[in-house]
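Participant: What follows is a predicted structure for the sequence shown.
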Amino acid sequence: MISIERLLGIPCVDTEFSFDVSPDGRTATFSWNISGRWEIYRLALDYSSNPKLLLPGPGSRFNPKFSPVDPNLIACVADFDGSEDLHLLLLDIENGTSLDLTPGDTLQPSFSWSPDGRQIAFINNRSGCFDVYSVDLETRRDRLVCSQAHTAFAVSWSPGGDWLAVTFEAELQEYNTCLVRAADGEMFQLQDGDRRLFARNSCWSPDGKRIVLCATVGDYYQLGVFDITTRRITWLSDDPGDKSMPVWHPGGNLLVYLQEHGATNQVVLQNITGQDPKSIIKHLSGFYTCPRFSLDGHNLVFIFENPQNPPDLWSYSLGKQELHQLTHSLPAGIDKADLPMPVEIRYPGLDDGIQIPALLFTPVKTPAPAIVNIHGGPNWHYSMAWNPYMTHFASRGWIVLAPNYRGSTGYGRIWQVANQHDMGGCDTRDVAAGAHYLVNQGLVDPRRIAVTGRSHGGYLTMTCLTQYPELWVAGSGIVPFFNWFTSHYASREDLQHWNIVTMGDPIENERLWHERSPYFFLDKILVPVQIICSGLDPRCPAVDSIAARDRLLELGKELEFHLYPDEGHTFLKMKNIIGSEIQRIAFLQRWLESAQT
């Protein structure tokens, strides 16, 4: 067994946001937690030196981007206390200074340098909605560029400086992409003729005349190139599998993008002249993110991970077809053979028999205790990625089932929106069906199945305990929510918008909101419950967990409750990350082992 302390102590390169390659093509900058904190590093791409820490400071730092004209200037976002009140920082490496460009504001993590390096476009909720602003780096003054009724999610400046590509949240858990004129805020939405597009992951061509994007065509995100002059789109793909994160080759005729195949994805090279796409980098099986070309276009830099490899930076030579690992997060003392690998399976859903995709870790000896581990999001999915929590569970000899229930990404748009206005319904049934599958396969003793999850997974942990109380021996919810009403009114406006999009208006749909709030059905729980929450959480506010705690105690239920007052939705302090996981594991172990026959 590998201890959770050791596994969580293994660093990794940040995959949630991104890294960047310098304008001269010589270095990369990225966020890494090798020190136990998320900090910004710089690395020479010629392998001549080890990564160098840049200007350490308070809080956690993510999404570094080089100035397009000065490799000594790097902008990044910082979260000082875990509350997601992000700040835009400007790091001057040569002078050793750091400047907060947005004190007192709350930002989205996405921002973009103007091509002349004089401005940075960013997304700020100063008005109560996340709008696009730009800040002049000489005067430090900012101005509103554009505002819509919906939250802006991502922004990217065109190479010529005339346009900004802005992605806004839309209905059905989707996104729209608009082009906004930088000078006057004139805006139009990217469409295919008269057909409106749900589009995201836009990337400008080197000449700024076209933009490649991923948009829903049929059941999948397909790759299209939009011409700014003609306002016409040319589709480059129409095959199964979501396309994401396209990047343009400096030469202008090639694109690289990621194509998902369930729990794995591939790096695909596409010639925009119409030649067939081809998969490259065939030697690494797992999950790729954030591909970036070097300045000369000869090499591709990306992040790769799988259950035996924490996220690290790699490079791939397109000409020589050679791989090189740039960062090395896995300590030399850990044998990859000791890190369990899951298999991707499908099992029948309850009642309808629809096949539910999942990852399954199976120990050598069965029957064994089992954990049904539920992902958050819900617009996310478990992939063949690094996951120290499931690795530890599996290393203990426990079966681990990680369902990609209806509402998960990675399996087409119909699957992704299948829980629309049905949160806590079909997704709960899909998770419960996983427990039935383990029993029917003879893998577990039915008295030794626990359920756990984080965020929306914590919510589904509680709906599982209230709707299918007989299935479980215990349940542990990490930063969960219990009451749609309480959580909604205590959240930011953009998060309230997401609630309404996914579950309807709380007044008009009051009955649905009530039925899908496990808070009102806590009396049905039959087993011990653990709640781990945080005091600065803007997504699943602690007041909701505290109310559930009080109600569970009033009902006489067996409860273990932990509140971390100095953390947000994502724990950032290593002592709290490790401490909370030790508490979860001890709780699950106690009840799984006490149920042994």
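Facilitator: Received it, and whenever you're ready, just let me know what you need. Residues are numbered from 1 along each chain as shown.

Participant: what number of residues lie near residue 127?
Facilitator: 11 (other C-beta atoms under 10 Å). C-betas here are computed from N, CA, C, even on glycine.

Participant: Can you classify it by secondary structure?
Facilitator: The three-state assignment at residue 127 reads coil, by DSSP: H, G, I helix; E, B strand; the rest coil.

Participant: what's near enough to touch it?
Facilitator: With contacts taken as C-beta atoms under 8 Å, 6 or more residues apart in numbering, residue 127 has the following neighbours: residue 147.

Participant: cool, and residue 593?
Facilitator: residue 369.

Participant: for the record, mean pLDDT for the strand or helix carrying it?
Facilitator: Residue 593 belongs to helix 574-594 when assigned by DSSP states H and E. If you average the pLDDT over helix 574-594, you get 95.

Participant: Tell me which residues of that helix come out buried.
Facilitator: Residues of helix 574-594 classed as buried under the neighbour-count rule (16 or more other C-beta atoms under 10 Å) are 576-581, 583-585, 587-589, 591-592.

Participant: quick one: that helix to chain centroid distance?
Facilitator: The chain centroid and the centroid of helix 574-594 are separated by 24 Å, computed with C-alpha atoms, centre = their mean, to the nearest Å.

Participant: likewise stretch 224-243?
Facilitator: That offset, for stretch 224-243, works out to 25 Å (C-alpha atoms, centre = their mean).

Participant: Check stretch 118-129 too.
Facilitator: Counting by C-alpha atoms, centre = their mean, stretch 118-129 is centred 22 Å from the centre of its parent chain.

Participant: Use 294 as the first number from now on
Facilitator: Okay, residue one is now 294; in that scheme the one you just asked about reads as stretch 411-422.

Participant: okay, how far is it across that stretch, tip to tip?
Facilitator: In stretch 411-422, first residue to last residue: 26 Å (C-alpha to C-alpha, to the nearest Å).

Participant: Pull out the buried residues from it.
Facilitator: Residues 411-418, 422 are the ones in stretch 411-422 that count as buried (16+ other C-beta under 10 Å).

Participant: Where does pLDDT dip in this protein?
Facilitator: The chain contains residues with pLDDT under 70 at 888-890.

Participant: again, only using 50
Facilitator: 890 (pLDDT under 50).

Participant: Domain ranges for it, per the record?
Facilitator: Domain assignment for the chain by automatic domain parsing gives 399-482, 633-887.

Participant: can I get those domains in CSV with distance to residue 572?
Facilitator: Formatted as CSV, the domains of the chain follow (distance: least, C-beta to C-beta, whole Å):
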stretch, distance to residue 572
domain 399-482, 26
domain 633-887, 16
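
Participant: For residue 329, find the nearest of those.
Facilitator: Closest to residue 329 of those is domain 633-887 (C-beta to C-beta; 4.3 Å).

Participant: what distance separates the start and the end of the closest one?
Facilitator: With C-alpha to C-alpha applied, domain 633-887 spans 25 Å between its terminal residues.

Participant: show me where the stretch 744-890 of the chain has strands.
Facilitator: With strands called from DSSP state E, counting those that start in this stretch, the stretch 744-890 of the chain shows them at 767-771, 822-827, 852-857.

Participant: Need the ones you listed in TSV (columns: mean neighbour count and distance to residue 630).
Facilitator: Converted to TSV, these look like this (neighbours: other C-beta atoms under 10 Å; distance: least, C-beta to C-beta, whole Å):
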stretch	mean neighbour count	distance to residue 630
strand 767-771	27	29
strand 822-827	26	32
strand 852-857	17	34
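
Participant: okay, these in CSV with distance to residue 365 next?
Facilitator: Below are the strands of the stretch 744-890 of the chain laid out as CSV (distance: least, C-beta to C-beta, whole Å):
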stretch, distance to residue 365
strand 767-771, 40
strand 822-827, 37
strand 852-857, 37
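
Participant: Residue 435 is nearest to which of the ones you listed?
Facilitator: Nearest of the strands of the stretch 744-890 of the chain (C-beta to C-beta): strand 822-827, 30.6 Å.

Participant: and the closest one with helix 867-887, angle?
Facilitator: Here strand 822-827 runs at an angle of 170 degrees relative to helix 867-887 (axes from the mean of the first three to the mean of the last three C-alpha atoms, to 10 degrees).

Participant: List the neighbours of strand 822-827 that are in contact with it.
Facilitator: The contact list for strand 822-827 (C-beta under 8 Å, 6+ apart) reads 375, 758, 767-773, 833, 835, 838-839, 841-842, 845, 850-858, 860-862, 864, 873, 876-877, 880.

Participant: rewinding a little: including distance to residue 475, could the buried residues of helix 867-887 go into JSON lines?
Facilitator: Formatted as JSON lines, the buried residues of helix 867-887 follow (distance: C-beta to C-beta, whole Å):
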{"residue": "869", "distance to residue 475": "41"}
{"residue": "870", "distance to residue 475": "40"}
{"residue": "871", "distance to residue 475": "45"}
{"residue": "872", "distance to residue 475": "47"}
{"residue": "873", "distance to residue 475": "44"}
{"residue": "874", "distance to residue 475": "45"}
{"residue": "876", "distance to residue 475": "49"}
{"residue": "877", "distance to residue 475": "48"}
{"residue": "878", "distance to residue 475": "51"}
{"residue": "880", "distance to residue 475": "53"}
{"residue": "881", "distance to residue 475": "52"}
{"residue": "882", "distance to residue 475": "56"}
{"residue": "884", "distance to residue 475": "58"}
{"residue": "885", "distance to residue 475": "57"}
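
Participant: what helix or strand does the residue nearest to residue 708 when sequence neighbours are not counted sit in?
Facilitator: Once flanking residues are discounted, residue 708 sits nearest to residue 699: 6.1 Å by C-beta to C-beta, 6 or more residues apart in numbering. Under the criterion of DSSP H and E, residue 699 resides outside all helices and strands.

Participant: circling back to that earlier point, list just the nearest of the buried residues of stretch 411-422 to residue 573.
Facilitator: Lowest distance from residue 573 to the buried residues of stretch 411-422 (C-beta to C-beta) belongs to residue 414, with 32.0 Å.

Participant: Contact partners for that closest one?
Facilitator: 404-405, 407, 425-427, 438, 448, 450, 457, 475.
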